[in-house]
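Colleague: Pasting the sequence and the predicted model now:
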Amino acid sequence: MGRRASGSTGAALFSGNVYPLVGTSRGRTDFRLRAAEVALFGGCLVIYQATDVGKATIQVLEKNGVHVVIPEQRCCGMPSFDIGDTTAIEQAASANVASFCRG
């Protein structure tokens, strides 16, 4: 659980949107994204099971003006991690990094 500020009831701590205050304190109030591009790594879970998470992620990014690229991807290596196969983990990571760097 998150920490509470001393003397806080919790309700005041989480009431309202604090992000405009952060921007104002730094002299910036316009948080619209400028032209941007991201490479998305979905992983097996998002690509094959929780596809709604991947779709929602892309929709939110594109709605905010971010161009989403999905490079060729291999398994992230989690199954290899679970059994302690560090060689396979390193191979999977290297292949994915190389694919993202080609863009």
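Modeller: Alright, I've got the coordinates.

Colleague: Quick check: next helix or strand after the helix or strand of the chain with the lowest mean pLDDT?
Modeller: Of all the helices and strands that make up the chain, helix 19-25 has the lowest average by mean pLDDT, DSSP states H and E, namely a mean of 46. Once the chain leaves helix 19-25, the next helix or strand it forms, by DSSP states H and E, is strand 36-39.

Colleague: quick one: low-confidence ranges for the protein?
Modeller: Along the chain, the parts satisfying pLDDT under 70 run over 1-34, 103.

Colleague: For it, which segments count as helices?
Modeller: 19-25, 43-44, 51-63, 78-83, 86-102 (DSSP state H).

Colleague: right, and the ones you listed - which one's nearest residue 71?
Modeller: Closest to residue 71 of those is helix 86-102 (C-beta to C-beta; 4.7 Å). Bear in mind the C-beta positions are built from the backbone N, C-alpha and C, glycine included.

Colleague: Please identify the deepest-packed of the helices of the chain.
Modeller: Mean neighbours per residue, mean count of other C-beta atoms under 10 Å, is largest over the helices of the chain for helix 43-44, with a mean of 16.

Colleague: Contact partners for residue 70?
Modeller: The neighbourhood of residue 70, defined by C-beta atoms under 8 Å, 6 or more residues apart in numbering, consists of 39, 40, 42.
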